[in-house]
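Structural data only, the sequence is not supplied:
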């Protein structure tokens, strides 16, 4: 039975229902441009870009995609960049031709990218120039044929930047013979057909990890994305004169919805950080009078730990919140002492295009997922029997909502296995163990799945183990999560060395080797050598026992 206890604590003067528009994400930008053409959309290291500029460049690049790269409606296009104006321009260019945005983590390795390209059957990509070495071996040897490279420094003015510009944003001098430069694509003489986008069009396929550890593409239409864009817009009281600090990665659904698409719907200013820098963030808050900042707990911990934070005026902040990992209570209290604000936590999934739960901004609870957002039917069931549990009982969270994805790309069986039907209604099984209090607030307890949440990034032990086994000295490996004050959870690898390497290979050597084998958020931070592992009678490693030891 749907729990409505939380309605008593719903934000005041906010409707409990929300009629969703049948327009597209690209329509949002067009309507904002009609209202505020010359208003600044983006501040990026000393340079301002208006909403009209944003639209004009997106449409020109869309013309390049359509007339030169032969990208058609429904084609998947890879988007591999750091936070930048080019990320947003590329995204809207792809949407303009009714193609599908596939946003990927810039920390991905070449082998990671090979998987995404082949799984998504992708022939065209937008990439940051600093990532060229990762993508170059895949051009022509996979489905990838067309690549547009962006150089971020073309959109900055270092003389007006608030501090030193990150190295990723500085010019990278490298020939890219198999690609076309961003500037050249913008100079091409192109044509563009009339836009006929529809709400039902597939717009994005962000990737998540599945129970097997392999990434899965989550199919989202304009309609499912709009549900959270408009929901966030209203819940966070957005307006044209607010200012958002864009520090979360835009390839991730939380950053994309809360730091870009919702602010664009409101016609407000986005102060974009190419990389996280607590000093630059503090200066940006003061200079641009930032009012809204959605982040992850690790960023806020670092921000508040800055010894010179007292030198900056952060009084403009009105809403500070986020998700991905629970904020430690002591940090929440420090935020309250510093700026008088409670941290607004939320909960979401890639399958739900970010949030399903928000804390009410006027009455949040600490270390709490919040209450179900607009139109969200969230229930807690016994993961074995499928029956609903009582208040304060622990069980698996299941969700049915307008933002629910259409399914996993090319994985019908996985899609089917991830859903459960109750009273004729389909719910997504989150795999997260939660409980609900008598006021309808949800709290996360544990995870059904064996997943490590490292600073908001999902890390799968089986994937890390398979890479560790490539090391010539490793006989056996078991990867588990380990508590970490900064990252929430971090990766710990328990290792049995081959006899001939015992005493000859150090933990530091394995960590250094691992850094070259996998994305930076995945490699083990802790190595512990063992002589043996506890196992079942069939020989399976008892990883839970190792994790708790």
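Received the coordinates, thanks. This one's a predicted model, so the numbers in the text were calculated from it and none came from an experiment.

Could you chop this protein up by domain?
Using automatic domain parsing, the domain parsing of the chain gives 47-197, 376-447, 452-548.

most tightly surrounded among those domains?
Highest mean neighbour count of these: domain 47-197, a mean of 19 (counted as mean count of other CB atoms under 10 Å). C-beta: built from backbone N, CA, C; applies to glycine.

now the domains of the chain in JSON lines, with distance to residue 299 and mean pLDDT?
Formatted as JSON lines, the domains of the chain follow (distance: least, CB to CB, whole Å; pLDDT from 0 to 100):
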{"stretch": "domain 47-197", "distance to residue 299": "13", "mean pLDDT": "95"}
{"stretch": "domain 376-447", "distance to residue 299": "20", "mean pLDDT": "93"}
{"stretch": "domain 452-548", "distance to residue 299": "9", "mean pLDDT": "87"}
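
Those domains: which one's closest to residue 304?
domain 452-548 (12.0 Å; CB to CB).

Measure how far that closest one is from the centre of its chain, please.
25 Å (CA atoms, centre = their mean, to the nearest Å).

Would you work out how far apart the start and end of that domain are?
14 Å (CA to CA, to the nearest Å).

Check stretch 29-40 too.
So stretch 29-40: terminal residues 13 Å apart, CA to CA.

With stretch 394-404 instead?
23 Å.

cool, and stretch 521-532?
Start-to-end, stretch 521-532 (CA to CA) is 27 Å.

returning to what we had before: output the domains of the chain as JSON lines; include the columns distance to residue 257.
Listed next are the domains of the chain as JSON lines, based on distance: least, CB to CB, whole Å:
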{"stretch": "domain 47-197", "distance to residue 257": "12"}
{"stretch": "domain 376-447", "distance to residue 257": "9"}
{"stretch": "domain 452-548", "distance to residue 257": "14"}
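
quick one, which of those domains is nearest to residue 231?
Closest to residue 231 of those is domain 376-447 (CB to CB; 7.6 Å).

returning to what we had before: so which of the domains of the chain gets nearest residue 278?
Between the domains of the chain, domain 47-197 lies closest to residue 278; by CB to CB that is 10.6 Å.

what's the first-to-last distance across that closest one?
31 Å.

which stretch among the domains of the chain comes nearest residue 232?
Here domain 376-447 is closest among the domains of the chain (CB to CB), at 10.4 Å.

roughly how far is that closest one from the heart of the chain?
The answer for domain 376-447 is 21 Å, by CA atoms, centre = their mean.

what does stretch 355-373 give?
19 Å.

can you list contacts of it?
6, 9-12, 228, 231-232, 235-237, 254, 257-258, 319, 321, 323, 326-327, 329, 332, 342-349, 376, 378, 399, 401, 403, 434, 440-444 (CB atoms under 8 Å, 6 or more residues apart in numbering).

Equivalent analysis for stretch 58-78, please.
29, 88-90, 92-94, 96-102, 104, 113, 116-117, 120-127, 144, 146, 148, 185-186, 188, 190-193, 201-202, 205.

Now, those residues that are in strands?
100-102, 124-127, 146, 148, 202 (DSSP state E).

Could you export the residues you listed to TSV, including columns for distance to residue 220?
Listed next are the ones in strands among the contacts of stretch 58-78 as TSV, based on distance: CB to CB, whole Å:
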residue	distance to residue 220
100	9
101	9
102	11
124	19
125	19
126	19
127	22
146	23
148	23
202	7
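
from memory residue 378 sits against residue 404, does it?
No: contact criterion CB atoms under 8 Å: residue 378 and residue 404 do not qualify, at 11.5 Å.

can you point me to the longest helix in the chain?
helix 51-67 (DSSP state H).

by how many degrees do that one and strand 124-128 diverge?
Helix 51-67 and strand 124-128 meet at an angle of 140 degrees, taking axes from the mean of the first three to the mean of the last three CA atoms, to 10 degrees as the criterion.

Tell me which strands the helix or strand that helix 51-67 is followed by pairs with, and in which orientation.
Note on helix 51-67: by DSSP states H and E, the next helix or strand toward the C-terminus is strand 76-80. Strand 76-80 sits in its sheet next to strand 100-103 (parallel), strand 124-128 (parallel), going by DSSP bridges.

measure residue 238 to residue 271 for me?
15 Å (CB to CB, to the nearest Å).
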